[in-house]
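**Q** using only what follows, build the 3D model:
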Amino acid sequence: MHMITVQGGEAPAVEAFLAERIHEFNAAVTGYHDGESFTAVHPSGSTTPLAGAAGYTWGGCCHVSYLWVSEPHRGQGLGSELLSAIERHAQAKQCALVLLSSHSFQAPEFYALRGYEQVARVNDHPVGHANIFYAKRLPAR
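**A** Next comes the predicted model:
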């Protein structure tokens, strides 16, 4: 029997190690070696952004891991500007598809209005809510 321990809390070195091993495997199997992380923040260069996003491009797809706008700045177009900038970046990287998720209590209507189509829904994540997955096809450049 193997000794495995589960520890609470963040472990960035372990997460980075695992992400690199998975990236190596995925690239070897698919032949796509173009994986690249990205961030977008407003204001540009700020150490404390009012809005920001992070994700990665790989294999003709763009995945938005995080998109956030500070409470006092919501409803002023920053989220739309972030998504537009990410979509332009994705197109420049030859991506045909953008993927992201939103909990039912976050911003599902926002993504639907921006042309994102619900492709999956996991109810009770967290319990009493849902995690909704979206995809948007980008026009070819």
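
**Q** which residue, other than its chain neighbours, is closest to residue 123?
**A** residue 130 (4.9 Å; Cβ to Cβ, 6 or more residues apart in numbering). Quick note: C-beta positions are derived from backbone N, CA and C, even for glycine.

**Q** report how many residues lie close to that neighbour.
**A** 15 (other Cβ atoms under 10 Å).

**Q** mind listing what it touches?
**A** Residue 130 makes contact with 103-104, 121-124, according to Cβ atoms under 8 Å, 6 or more residues apart in numbering.

**Q** can we see that at 7 Å?
**A** 103-104, 121-123 (Cβ atoms under 7 Å, 6 or more residues apart in numbering).

**Q** kindly report the same for residue 61.
**A** Neighbouring residues of residue 61 by Cβ under 7 Å, 6+ apart: 95, 97, 99.

**Q** for this structure, give me the ranges with low pLDDT.
**A** For the chain, no stretch has pLDDT under 70.

**Q** tell me where it has strands.
**A** Remark: strands assigned in the chain by DSSP state E are 36-42, 51-58, 61-69, 97-103, 117-123, 130-137.

**Q** reformat the ones you listed as JSON lines; add distance to residue 22.
**A** Listed next are the strands of the chain as JSON lines, based on distance: least, Cβ to Cβ, whole Å:
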{"stretch": "strand 36-42", "distance to residue 22": "14"}
{"stretch": "strand 51-58", "distance to residue 22": "11"}
{"stretch": "strand 61-69", "distance to residue 22": "13"}
{"stretch": "strand 97-103", "distance to residue 22": "17"}
{"stretch": "strand 117-123", "distance to residue 22": "21"}
{"stretch": "strand 130-137", "distance to residue 22": "19"}
